[in-house]
Each structure stands twice: as structure tokens, then as C-alpha cells.
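>>> Below is the structure, and that's it, no one-letter string:
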């Protein structure tokens, strides 16, 4: 039984980030074969966009140092996109050489995070992305621009909306096909989400080029998602099983769990193509590989045995 | 910085259920003095309705067997309501004898839960409540009617909306001043919430007599709350620290954490009168008494030390 809400989209595309954003933040080293099986199972569960890995230098993200081995193992999954993150031209070269057709760059809306994460100012990072995006587009690839710290920043506090809009527009001007607006520290609330989306629209950015990427640090991810859907957003990032932020770790910054998202969307009658039982089974299996329970409430509720 | 959403209420009354609904579901026995301090701290944090205990037979809820000792210890807290749950006339007598001015009865929208929880049919339970509500009203008490299993039932599955409406109206006809619509197993989604509220309105039940009581079993509590606020609901039940459903227990049925709710409402610029820091400190302290971390994401995020 479904209960649609008038005005919400009929279909949402889930951009599954568990294998990249999730695993890059997990302490446990995951063998390449397990990652490949994870991605294959996510695709089999109906996810049509499964971000696969990152071609960042292994020194920075050792968890994904096997990108060169993993990506060819995935093979061709009909109807499934397998974007990969690239930090710079060197990363792009590695990704394109392996046949990647969708790439993503990772920018910051704040100077402090740009400095700490990219070792550059915001404008310097945009300059670094310029040839990456241009060459990716020349090669026929689809480009996603992640924009982190769109709502709050751990060092700067609340992030002014106009500041986010400026960087978002700059990423689109570089040639990005879509944006993913990240609430990296999970502080956003529904009105903030709708305000940012409205400002972007007013500055000429159409909603259909915007995805949202919420973290559940303060338990707000799903209500923020609902607010984004009410604004017309149809691309939502989520991480199978809530991978990527152990809620018991000190710097808990859990991703929205794909299962919790699918539960809500299914109840609303919004199509995703995802088989919740198959997805949950995948996350239970992955949790066993990682040796800890999934933080997804839906996974826990559906997998507990009386 | 707040980001209001047009059409949402300016103020929400939080009906804090941690000391009753929370503690009655905790395995750890809590000393009466700790309960009293908990309630005093919740009131000091700005909560104006703090459900205090239950005058149910100790055989059924041993965790709250000290209601007779606890209630007088609370004293008079200016501006703070301290409702108590009463199951029947015997419980009402005990509550009124101690000076309770707000009572609550606990009904079920489904036959199976009525049978299992109340050992009666739905209509038999309404008949049992009739003299309880009548005598409470005669004594000048305010009466809340809890209605559980309003969306799904573990044995019956989805609960038809018209069935919930019938029992809700019956509780109001008995004289209940307000209803609390419970998603006892946490399966509701936003459209279901709005559909039930609309049906109640159509059958003559005004929104200002309706509170909502969501569980976070599938992570849906806060998005359902947002949907209820968008319908005009201004009374929301929540449990400090998410008490009342250990997410690691097999039958996880966690209440919406008051802190997660306050975070969202504060961001939306909706007044609650609650001091989030004081509330979080209270939940951290209570978690220490219970010997386990709070399941509230906001409590964890605000209390972690780098």
C-alpha cells in the first residue's frame, strides 16, 4: 500500500555511494574481490548508479588504493552507471585508461575545508578541476561535481547560501553535468535545504541538475531529503547500510542509509527500481565483512530475528 | 541562523515521554530518585509537558512500580504539566489521590494489539475507558487518548485508515481532550501520515486536538514529523535521548529522540522553549545511569569529545 503526496516526483534516481564514499571512511580494509561483489550485488538489487571507487593517490585514501584492480573486475553491467571519483588530471588519466565513462570531482564550498582537504583555496581548486572536467567531457564522459560543506562547516560554522551558489555555478560553468550538494557534517534542516535550492534556481541552476547528499549526523538526513523532493529534486545520494560513518566513532558523520531512503520512497509510491529485500541482504552481508552491525535503522529492523 | 518554511507552525509543544514510555521499555531498573531528577532536569531544560509515570499494575510494568513514591517527589513544577498514564479506574483512583491533573489512557487501533496488550477487544477497551475518562473529567483533569498501531500492526500489517478514524473519534467522544496517534512499529511514511490526518479532519476531528507519536524503527520518525507539521500539527511526542527502544535489541522500536526533533525545529525557527544543550546533558547523564549510550544521533554528535 502506498500513500503518494501530491507534487512529489514519480521517480527518484538513487546515486549509491557506499562502495566509494562509504568504504573510503571505513577503518577495515576490504579485499578487492569483496568490493566487486558488493558493487555487483548493489546493481543486482536495482541500483542504477553505483559509484565504484576513487582514483585518488593511495597515500590519501589507502582504503581505495586498489581502484586499478577493482574497476576492470566490475565488467560491463547493462543499465548501470559506475562513476568514479578523480581528484586531478593524473586521476582522470588513470580512470579514462580503464574505460570509465562517468567521473566526479570533489569541491568545497568553504575555504577552510578546501584548504584542509584539497590543500588549495576554493578558486585554486576550481582551476585544478577545469582541465579535468574539460578533458573528461572531450572524452565523452559524464561529470558530476560534488560540493561539500554546503550548509555548515566544522571550522566556519553556518555557510552563507550565496557562497555555496557561487561555487555551484562555477562547477557548472566548468562543464559539470550535475551537482551533488553535500551536507558533510549533517547540520542542515529542511528550510535551509529549500532556501539553497531556491537560490540556485534564481541564479539559473535548474533543479534537474542538482542532487542532494545528506548525512545523518544529527538524524536529519531523511527529513531534509523529503524537503528536497518537495522542491522537485529527483537525484538523491545514499549509502547502502549507512556505510561511511560509524555512529560509534568520535567523528560520526554517517551517510543517509539507502535502505531508510528506499523505505520512505516506497511508502510514498515513488519509484526507484530498488528491491529493498535484496539491498538489505547485501548490507547485512557487507556488515559481516566489516565486522560490525549496519547503522541503518531499516537494515536492523528488517534483519533482526525474533 | 534559522530557515523557516512557509506554512509551518510558529510553535510546537513537545510532549516528552522519556520518563514513562521510555523507562517502561528499558531493561535496567532505575531508582525512584534518579527518575525524579530526570524529570526535574527535563523540566529545567524547558519541556513543558513531561509524562511522569504510569499507574498500571506493577505486575505488567515493573519498571514503573514506584509511581506512588515518585509522583509526590516531583512536587509542583510551575508551568510544567506532568501527565500520568492510567489503565483503568483503579489506576485513575491512585493517580487522582496523589493530585494528578493530567491523565492518559492507552488504546489500540487494531484488534490484535488490543487483545494482546489490553486483553480486550477494541470496543471492550473503549468501554473500560469510558468511566475512566468521565471521572477524570469530572475531577477537572485533562485527558489524553493514546492510540497505538495507527499505521501498521505487527500481526495485521497495514492498518486501514478508516479503522483508525473510527477508534480516534470514539476516544474523543468519550471526552478525551487530545489524541496521540502512535506509529508503534515505526512503519509510517509521510503520505500515510497526511492521509490519516486529512481523513480525521474530514470526519470532524480538528488538527489542534491531534498529537503525533512516531517511532524511529525504520528511521522515518523525523520525516513523518515534518509531514505532520506541514499538515498543521503542533503537538509532537518525543523521548529524551531516544529512550524506550534500544536500537541494538532485537525488538528495536525506538521513540523519536527529543534532541533530533529539537534540532530540526530550531533550524526551522519553530519555537519549543527547549534548551538543547541542557536537554542533551540530561540525556547523557541518563544514559550513564542506564549504562549504555543514547541512540539519539544528536546526543551522540553533540556529546562526543574529539
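Yep, that arrived. Quantities reported herein were computed from a predicted structural model and do not represent experimental measurements. Numbers count the residues shown, from 1 in each chain, chains lettered A, B, ... in the order given.

>>> Quick check: residue A:202 vs residue B:77, distance?
48 Å (CB to CB, to the nearest Å). Where C-beta positions appear, they are placed from N, C-alpha and C, glycine not excepted.

>>> Comparing these two, which shows the higher neighbour count?
Ranked by neighbour count (other CB atoms under 10 Å in any protein chain shown), residue A:202 and residue B:77 place residue B:77 first, with 16 against 9.

>>> Contact partners for the more buried one?
Shown in contact with residue B:77 (CB atoms under 8 Å, 6 or more residues apart in numbering or on different chains): B:40, B:43.

>>> For it, give its distance to residue A:190.
32 Å.

>>> State the phi and psi torsions of residue A:148.
Dihedral angles of residue A:148 (phi, psi; degrees, to the nearest 10) stand at phi -90, psi 160.

>>> if I read this right, it contacts residue A:112, doesn't it?
No: using CB atoms under 8 Å as the test, residue A:148 is too far from residue A:112 to be in contact (11.2 Å).

>>> For these two, indicate the residue with more neighbours.
Higher neighbour count among residue A:148 and residue A:112: residue A:148, with 22 against 14, using other CB under 10 Å.

>>> which residues touch the more buried one?
A:106, A:107, A:108, A:109, A:113, A:117, A:182, A:184.

>>> Now for the fifth one: which residues touch it?
Taking CB under 8 Å, 6+ apart as the criterion, residue A:113 is in contact with A:148, A:149, A:153, A:155, A:184.

>>> Repeat that for the third one.
Applying CB under 8 Å, 6+ apart to residue A:108 gives the contacts A:114, A:117, A:118, A:122, A:125, A:147, A:148, A:149, A:167.

>>> CSV for those residues, including distance to residue A:268, secondary structure and pLDDT?
Shown next, in CSV, are these (distance: CB to CB, whole Å; DSSP: H, G, I helix; E, B strand; the rest coil; pLDDT from 0 to 100):
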residue, distance to residue A:268, secondary structure, pLDDT
A:114, 36, helix, 95
A:117, 35, helix, 89
A:118, 37, helix, 90
A:122, 36, helix, 98
A:125, 37, helix, 97
A:147, 26, strand, 97
A:148, 28, strand, 95
A:149, 29, coil, 96
A:167, 31, helix, 98
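
>>> can you put the residues you listed in JSON lines and add distance to residue A:81?
Conversion of these to JSON lines gives the following (distance: CB to CB, whole Å):
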{"residue": "A:114", "distance to residue A:81": "27"}
{"residue": "A:117", "distance to residue A:81": "25"}
{"residue": "A:118", "distance to residue A:81": "25"}
{"residue": "A:122", "distance to residue A:81": "28"}
{"residue": "A:125", "distance to residue A:81": "25"}
{"residue": "A:147", "distance to residue A:81": "20"}
{"residue": "A:148", "distance to residue A:81": "21"}
{"residue": "A:149", "distance to residue A:81": "26"}
{"residue": "A:167", "distance to residue A:81": "25"}
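
>>> In ChimeraX, how would I select just the buried ones from those?
The following ChimeraX line selects those of the contacts of residue A:108 that are buried, judged by 16 or more other CB atoms under 10 Å in any protein chain shown:
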select /A:114,117,118,122,125,147,148,149,167
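
>>> Which single one of the contacts of residue A:108 is nearest to chain B?
Comparing the contacts of residue A:108 against chain B with CB to the nearest CB picks out residue A:149 as the nearest, at 14.9 Å.

>>> List the residues that contact the closest one.
Here residue A:149 is in contact with A:108, A:109, A:110, A:113, A:156, A:159, A:182, A:184, A:185 (CB under 8 Å, 6+ apart).

>>> Closest one of those residues to chain B?
residue A:185 (8.7 Å).

>>> Count the neighbours of that closest one for me.
19.

>>> does it sit in a helix, a strand or a coil?
coil (DSSP: H, G, I helix; E, B strand; the rest coil).

>>> Give me the nearest residue to residue A:302, chain neighbours excluded.
In this structure, residue A:302 finds its nearest non-sequential neighbour in residue A:280, 4.9 Å apart by CB to CB, 6 or more residues apart in numbering or on different chains.

>>> do you know how far the one you found is from residue A:299?
If you go by CB to CB, the gap between residue A:280 and residue A:299 works out to 5 Å.

>>> repeat for residue A:20
Residue A:20 is 19 Å from residue A:299, by CB to CB.

>>> interface residues of the stretch 101-250 of chain A facing chain B?
A:158, A:186-192, A:194-195, A:216-220, A:222-223, A:225-227, A:247-248, A:250 (CB under 8 Å from any CB of the partner chain).

>>> Now with 6 Å, please.
A:158, A:189-192, A:195, A:217-219, A:222-223, A:226, A:250 (CB under 6 Å from any CB of the partner chain).

>>> With secondary structure added, can I get the contacts of residue A:149 in JSON lines?
Converted to JSON lines, these look like this (three-state DSSP):
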{"residue": "A:108", "secondary structure": "strand"}
{"residue": "A:109", "secondary structure": "coil"}
{"residue": "A:110", "secondary structure": "coil"}
{"residue": "A:113", "secondary structure": "helix"}
{"residue": "A:156", "secondary structure": "coil"}
{"residue": "A:159", "secondary structure": "coil"}
{"residue": "A:182", "secondary structure": "strand"}
{"residue": "A:184", "secondary structure": "coil"}
{"residue": "A:185", "secondary structure": "coil"}
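
>>> Identify the farthest-apart pair in the residues you listed.
A:156 and A:182 (14.8 Å; CB to CB).

>>> neighbour count winner among these two?
Remark: of residue A:156 and residue A:182, residue A:182 carries more neighbours, 25 against 15, as counted by other CB under 10 Å.

>>> pretty sure the more buried one contacts residue A:213?
Yes: using CB atoms under 6 Å, residue A:182 makes contact with residue A:213 at a distance of 4.2 Å.
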